[in-house]
Structure formats: C-alpha cells, structure tokens
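> Next one to model:
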Amino acid sequence: MKILVIGGAGYIGSHVCLELMDAGHEVTVFDNLSSGKHENIFSGELFVKGDIMDEGALDSAMSKGFDGVVHLAAFKAAGESMLLPEKYARNNISGSINILNAMAKNKINKMVFSSSAAVYGEPEYLPVDEKHPVKPENFYGYTKLAIENLLEWYGKLKGIRYAALRYFNAAGYDINGRVKGLESNPANLLPVIMEAAAGLRAELSIFGNDYPTKDGTGIRDYVHVNDLAAAHVKAMEHLGRAEGSFVVNLGSEEGLSVMEMLESARRITGRDIAAKIDGRRPGDPARLIASSGLAASILGWKAIHSSPDSLIRSSWAVYRHLLK
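Predicted coordinates:
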C-alpha cells in the first residue's frame, strides 16, 4: 500500500515508517519538523514538509494518491495541555479536522490514528479494557477522545474507515538501532530518565510519592515503540482487507512504578541518576494498566519487546552517546 504518515519524522512516527517499509509498503512522511527530526527520515521515504494547520499543504500532499493515512501529529504532553488548552485544541482537534477533510476530498478512506489511554482518566477497574468508561482527566486526553468521535462521524458520513489505537506509555527505541533522532524537550518518563542519566538534565522530577501504590509513585503500562509500530502496520493491513472500524488498546498488560523504572535504569546504565520528589500533576491517575486482548483478537498483536530491560537498554543505546 501507499501510505502517508503524518508526523512520520517524530519519535513514534519514525518507528512506524520503518515498520511499514519493512513490510513492503511505500511511505511518504508529512511533518513540520517542529518536534520531528531530519535524521528520522530514512532512505526509501518521500518527504513533504508541511503543517496540519495548512489545509492547502494537506490537500496538495494527499492529491498524489494514497491508500491510507497514519495520523501521529498531535501534541502529547498531558501537563502542558492543562496549562495551554488553546494550543492543544488548535493543533490536535482543528488539525485533525483538516486531515479528515483533505482525506475526504481526495477519496482516501483508511486512517490509523494514534489515540491514547488518557481517554479513560482515573480507572474504575484494572486492567482497563475498551469497554471502560471514557472520562479524560486532562485536556490532552479530551482532545484524543474528541478526535475519536470525529472519526466515528466521518466514518458514517464520509466512509472513512479507521483504527484508533489507544497507546498506553510508549517507551524504548528501535531494537535494531536505526532511529537516532531524540525527542526535543521530552515529557514522558523514560526519556527524561535517560536525559538525567546522560547528564543532559540535573535530575528527574517524580511527580507524587503519595499515591496508593506499593512505593507511592504512579504505576503505568509501558509498551515498546517497536511493538506500537508493528500494531500500526497490522491495523493498516487489516483496514485494507476487512470492512469496519475499530478501537483497541495497546499495552504490555504489566505495570511498573516510576521508582521501579528509575531503579532499573540505575542498574542498567550504571549511572547514579539524581531524582527529587515534586507534587502530583493534575489529571494523573495512580495506576493505569491495559488489557490488550482485543488487539490480540482483531490484529493478532501482542507486545513482545516491552520488558523493562528491553525498554531501558534500547533507550540507553541511543542516549549513552551523549554522556557528559
């Protein structure tokens, strides 16, 4: 298939592009490079520099003809979304409307969308499955849910079939060492730990140590980015051969606390990673662990690279070269 990957020069996008090309698909990257990196654009890909707020640029890119679109172009920092909702509304929601309109105009009827476990909010039960109520506790999660709702309507009205993939916590780097471009100003736990380990930041901030968990720090389900990338390919190929749309969780089905991740990183890197305790962030649940049974049923997908050691070793392989 011929696939347009919007946000394909970013952290997750670059891994998705490699996985698509490994599976024999033709890939074009559409990215404004605000957070994506030139070094994450690989041989064999076509590249269009453009912004999802530019309707003309989207239309021009899609007019080249594509079988499907992968949408990874959302802002994703939950904490920032609570301070700058207008930024997230504009890019995530309005930008997604622009993408959908361009798809409809150019008769592209398949989208794989990077959604988020943030749509669930504080879990009412664990593990969280797709039947769990959706009650986002941060504005970022709200924008992802709003986009899912838009997809449902565009499916009904414009015939766009979609796979909304609700990621839990993406982590790690390409297990084959091909992705070198690091995230700018990362907000997720593992890259922040890696920056602290490499001396790029003085210390790690742990947001809350008074949660009702075994060590007081938040527990999350971390899924390796190679596993996420494989799910995108499986989802697009499924849309190519079967009718209907679907929403699935992508997680490892295991929980790790912030402190467990930190201690594992100290052991694997051999670095004394400084950490301080800060207050809780608004909208952060104490525990969030996935049920990924539906992804296994529909796509034949399972996380196979998502052990703590795999997550940390693949990340440190990239960050250790920056050691100060």
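> Quick check: buried residues in the helix or strand hosting Ser96?
Ser96 belongs to helix 95-105 when assigned by DSSP states H and E. Buried residues in helix 95-105, counted by 16 or more other CB atoms under 10 Å: Gly95, Ser96, Asn98, Ile99, Leu100, Asn101, Ala102, Met103, Ala104. Every C-beta, even on glycine, is put in place using the N, C-alpha and C of the backbone.
> Can I get these in a markdown table including distance to Ile52?
Output for these, formatted as a markdown table (distance: CB to CB, whole Å):
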| residue | distance to Ile52 |
| --- | --- |
| Gly95 | 4 |
| Ser96 | 8 |
| Asn98 | 6 |
| Ile99 | 6 |
| Leu100 | 11 |
| Asn101 | 11 |
| Ala102 | 9 |
| Met103 | 12 |
| Ala104 | 15 |
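> tell me which of the residues you listed is nearest to Leu182?
When those are ranked by distance to Leu182 (CB to CB), Gly95 comes first, at 23.8 Å.
> separation between that closest one and Val69?
Look at Gly95 and Val69: by CB to CB, to the nearest Å, they are 13 Å apart.
> Quick one: mean pLDDT over the following helix or strand past the helix holding Ser96.
Per DSSP H and E, helix 95-105 leads on to strand 110-116 as the next helix or strand towards the C-terminus. Averaged over strand 110-116, pLDDT sits at 98.
> Using PDB, write out the CA atom coordinates for strand 110-116.
In PDB, the C-alpha atoms belonging to strand 110-116 read as follows (Å, rounded to 0.1, in the frame of the first residue of the first chain):
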ATOM      1  CA  LYS A 110      -8.400   4.500   5.600                       C
ATOM      2  CA  MET A 111      -6.800   6.000   8.700                       C
ATOM      3  CA  VAL A 112      -4.800   4.600  11.600                       C
ATOM      4  CA  PHE A 113      -4.900   7.100  14.400                       C
ATOM      5  CA  SER A 114      -2.600   7.300  17.400                       C
ATOM      6  CA  SER A 115      -5.000   7.700  20.300                       C
ATOM      7  CA  SER A 116      -4.200   7.400  24.000                       C
END
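> Please name the strands paired to that strand in the sheet, noting orientation.
strand 68-71 (parallel), strand 161-167 (parallel) (DSSP bridges).
> which residues of the stretch 201-324 of the chain fall in strands?
Using DSSP state E, counting those that start in this stretch, the strands assigned to the stretch 201-324 of the chain run over residues 204-207, 219-220, 222-224, 246-250, 256-257, 275-278, 287-288.
> most packed of those strands?
Across the strands of the stretch 201-324 of the chain, the average number of neighbours (mean count of other CB atoms under 10 Å) peaks for strand 222-224, which reaches a mean of 26.
> just to revisit the earlier point, just name the most buried of the strands paired with strand 110-116.
Of those, the one with the most neighbours on average (mean count of other CB under 10 Å) is strand 68-71, at a mean of 27.
> What are the contacting residues of that strand?
Strand 68-71 is contacted by residues 1, 3-8, 13, 16, 20, 62, 96, 99, 103, 108, 110-114, 232, 236, 239-240 when judged by CB atoms under 8 Å, 6 or more residues apart in numbering.
> PyMOL command to pick out the buried ones of the residues you listed?
In PyMOL, this line selects whichever of the contacts of strand 68-71 come out buried by 16+ other CB under 10 Å:
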select buried, resi 1+3+4+5+6+7+8+13+16+20+62+96+99+103+108+110+111+112+113+114+232+236+239
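> who's in contact with Leu311?
Listed by CB under 8 Å, 6+ apart, the contact set of Leu311 reads Ala171, Gly172, Leu190, Tyr222, His224.
> how close does Lys144 get to Thr213?
Noted for Lys144: a distance of 25 Å to Thr213, by CB to CB.
> Pick out whichever of those two has more residues nearby.
Using other CB atoms under 10 Å, the more surrounded residue of Lys144 and Thr213 is Lys144, with 28 against 17.
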